[in-house]
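Whatever this is, show me its structure:
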Amino acid sequence: MKKAALILTLVSLICTGCAMTGGDSDENEPTVIDAQSAPPAELAATEETAPVAEGASKQEEGEVPIAVAESEHPDAGPEEVVVQGRNLNRHEAIHDLVAEAQTRLRDVELQYVFTGKGKRQILRGRPVAFALWSDAKQEWSIAQIELPRPPIKWQPGRKPLAFRTLTPGIQARHVKGTGAERLMFAFSQDGDSLKVYGRKFPVFDNNLLKRRQWQALARTAKPIVYLPFTEDTFDPGFVSGGKAFLLATARKAIDELRVAKVPSAAFPGELLADSIPVQVITTLAVIEQTDDRDYVEKQELAFDEVLSQYGLKQEEAYRYSVSSANALGPMQFTNRRGNGTYSFVVRRCPGARLDPVFESGATNLLNAMKAAVCLLDLELAAMRSDIRAAYRVNPTVLGIFPVAAYNGGPRNVTKLYRVLTRMKVDLDELSRPGVQLAGAAIDCPCVWKAEGTSVRPVSIPKYNNENRWYIEKYQSIVSLFE
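Residues are numbered from 1 along each chain as shown. Predicted structure coming up:
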């Protein structure tokens, strides 16, 4: 009775509700269902040079390394909720409802379905479980869907993602994503919209997947309880909390580099801690997780949604973010068999004492921020002397150069420099964004050129579309962290 009363109290505080994060949990042996006896499933068609990052839509996700899922702490369950005598605000209520969903998902067995006989037996797909709440019935339910086996060939805006609904009587609709960080569905039953407060997603061993060892793949899968952003978990309290959390973490990263007296490669005789401003690091943590399409459609709201996730999940935020190029974690480092951006900074920035293990180092925000400082400094060291000199005078504005390199490597810095020269924009004329005059709108991505006491936007010619939008996103949000 107390638990039911608690749930009703929390739900009454929220107009709408949906997904949030949770921790990891232990799971018993997976349930294996013979395809012929499975419940009816409705198939829906709905010096050394730094490596260069690749990019695509954030919704096109790669596979999370199983080592990342195995590094979770299954015994660290949600905190017990004590409501009596306490008035909860909305973001506190979201935390508590998701904790309840996490508890309910802990013992749910995922339904692995195999087809065929003997050597021809294969795993049909990847099951995912969702904890759902009905406002109308004031009760919880668990629904399972089945995705195609990875790798999933799907792109946003094209054909709908194919999936099966394994729970009878539940209607499901794919909302976004394909992987552990962003996959989300909307659910209903008999016309009643069901709110998602938890999701259980199995992470597979990629080696077993490649060898097509289906039984072992299901048996060794590591389930994680973790949900992507949804509009129903968005809250101004999380946005401000996310900003504060990122600033605190970035300042700690800089302080640790300062205590270690790590030298700057870009500015000999100076400390690494003095080469990259805190606001540049925090900005990267946001724009690395902001999809270009979302930014074009939503502008600043797209940043707030990412900040809301950081406020909601703190250290766990974007831990499972894997791009289609296999960049991992909140700062999107790559591995590439020891030749990616992460191994590069581990080798070239020994004084930072970075975690040498890619899977744990790239998914720990504090460590990843220190690695990002190292990478930005190394990229600056490889740039023209006039760029470095202008950066020292105005690091926030001229930060577009190391940021461009962080996203696309030194070749994009060269291209950016050339297009600025062609547009007759000198380095010392670059300025913070201003306000476009009505009737004189310029198509962006843009840089801003100072002319006397005013500034005007100058459209960046096409040289690399992703890099252009990366610069636009950087300029649009960096001032938030100053």
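
which is the next helix or strand following the helix or strand hosting residue 69?
Assigned by DSSP states H and E, residue 69 belongs to helix 66-70. The helix or strand immediately downstream of helix 66-70 is helix 90-105, counting by DSSP H and E.

mind listing what's buried in the next helix or strand after that following helix?
Once the chain leaves helix 90-105, the next helix or strand it forms, by DSSP H and E, is strand 111-115. Using 16 or more other CB atoms under 10 Å as the test for burial, strand 111-115 gives 111, 112, 113, 114. C-beta coordinates here come from the backbone N, C-alpha and C atoms, glycine included.

Pick the one among those residues closest to residue 274.
When these are ranked by distance to residue 274 (CB to CB), residue 112 comes first, at 53.3 Å.

is it true that that closest one touches residue 121?
No: the criterion here is CB atoms under 8 Å, and residue 112 misses it with residue 121 at 11.5 Å.

still on that earlier bit, which member of the buried residues of strand 111-115 is positioned nearest residue 135?
The closest of the buried residues of strand 111-115, once distances to residue 135 are taken by CB to CB, is residue 111, at 26.5 Å.

which one is the closest one nearest to, not counting chain neighbours?
residue 127 (4.9 Å; CB to CB, 6 or more residues apart in numbering).

and the one you found, that one's in a strand?
Yes: the assignment for residue 127 by DSSP: H, G, I helix; E, B strand; the rest coil puts it in a strand.

can you pull the contacts of it?
110, 111, 112, 113, 144, 145, 146, 147, 166, 202 (CB atoms under 8 Å, 6 or more residues apart in numbering).

Can you flag the buried ones in those?
Applying 16+ other CB under 10 Å to these flags 110, 111, 112, 113, 144, 145, 146, 147, 166, 202 as buried.

Closest one to residue 253 out of the contacts of residue 127, please.
Using CB to CB, the contacts of residue 127 come closest to residue 253 at residue 202, 32.5 Å.

tell me which element that closest one falls in.
Residue 202 belongs to strand 192-203, assigned by DSSP H and E.

ok, the most centrally placed residue in the chain - contacts?
Closest residue to the average C-alpha location of the chain: residue 318 at 3.7 Å, with CA atoms, centre = their mean. Each residue near residue 318 by CB under 8 Å, 6+ apart is listed here: 181, 289, 309, 310, 329, 330.

need the contact list for the residue nearest to residue 451 when sequence neighbours are not counted.
Leaving aside its chain neighbours, residue 451 sits nearest to residue 429 (7.8 Å; criterion: CB to CB, 6+ apart). For residue 429, the contact set (CB under 8 Å, 6+ apart) comprises 449, 450, 451.

From the residues you listed, pick the one nearest residue 132.
residue 449 (52.4 Å).

low-confidence ranges in this protein?
1-56, 72-87, 437-440 (pLDDT under 70).

now with 50?
Where the chain drops to pLDDT under 50, the residues are 1-2, 4-47, 50-55, 75-85.

Looking at it, which helix is longest?
Of all the segments of type helix in the chain, defined by DSSP state H, the longest one is helix 236-259.

buried stuff in the helix or strand that it is followed by?
Per DSSP H and E, the first helix or strand lying C-terminal to helix 236-259 is helix 278-287. If you call a residue buried by 16+ other CB under 10 Å, then helix 278-287 has these buried ones: 278, 279, 280, 281, 282, 283, 284, 285, 286, 287.

Would you format those residues as TSV with distance to residue 434 included?
Listed next are the buried residues of helix 278-287 as TSV, based on distance: CB to CB, whole Å:
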residue	distance to residue 434
278	24
279	18
280	20
281	25
282	22
283	19
284	23
285	25
286	21
287	20
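
can I have stretch 232-250 written out in PDB, keeping just the CAs?
Presented in PDB, the C-alpha positions along stretch 232-250 are these (Å, rounded to 0.1, in the frame of the first residue of the first chain):
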ATOM      1  CA  ASP A 232       8.900  13.900 -20.600                       C
ATOM      2  CA  THR A 233      12.100  13.900 -18.600                       C
ATOM      3  CA  PHE A 234      13.100  17.400 -19.700                       C
ATOM      4  CA  ASP A 235      13.200  19.800 -16.800                       C
ATOM      5  CA  PRO A 236      14.800  23.200 -16.200                       C
ATOM      6  CA  GLY A 237      16.100  21.900 -12.900                       C
ATOM      7  CA  PHE A 238      18.100  19.200 -14.800                       C
ATOM      8  CA  VAL A 239      19.300  21.800 -17.400                       C
ATOM      9  CA  SER A 240      20.800  24.100 -14.700                       C
ATOM     10  CA  GLY A 241      22.100  21.100 -12.800                       C
ATOM     11  CA  GLY A 242      23.700  19.700 -16.000                       C
ATOM     12  CA  LYS A 243      25.500  23.000 -16.600                       C
ATOM     13  CA  ALA A 244      26.800  23.100 -13.000                       C
ATOM     14  CA  PHE A 245      27.900  19.500 -13.200                       C
ATOM     15  CA  LEU A 246      29.900  20.000 -16.400                       C
ATOM     16  CA  LEU A 247      31.600  23.100 -15.100                       C
ATOM     17  CA  ALA A 248      32.500  21.400 -11.900                       C
ATOM     18  CA  THR A 249      33.900  18.400 -13.700                       C
ATOM     19  CA  ALA A 250      35.900  20.500 -16.200                       C
END
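
Could you check it and say which residues are buried?
232-235, 238-239, 241-243, 245-247, 249-250.

repeat for stretch 321-339
Buried, per 16+ other CB under 10 Å, within stretch 321-339: 321-335.

Return the set of residues that bridge with residue 61.
residue 323 (DSSP bridges).

Pull the contacting residues for it.
177, 178, 179, 180, 181, 182, 183, 321, 322, 323, 324 are the contacts of residue 61 under CB under 8 Å, 6+ apart.

how about the helix holding residue 69 as PDB, C-alpha atoms only?
Extracted as PDB, the C-alpha positions of helix 66-70 are listed here (Å, rounded to 0.1, in the frame of the first residue of the first chain):
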ATOM      1  CA  ILE A  66      30.800  -5.300 -23.600                       C
ATOM      2  CA  ALA A  67      33.700  -4.200 -21.400                       C
ATOM      3  CA  VAL A  68      31.800  -0.900 -20.800                       C
ATOM      4  CA  ALA A  69      28.700  -2.800 -19.700                       C
ATOM      5  CA  GLU A  70      30.700  -5.100 -17.500                       C
END
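
This completes my enquiry, with thanks.
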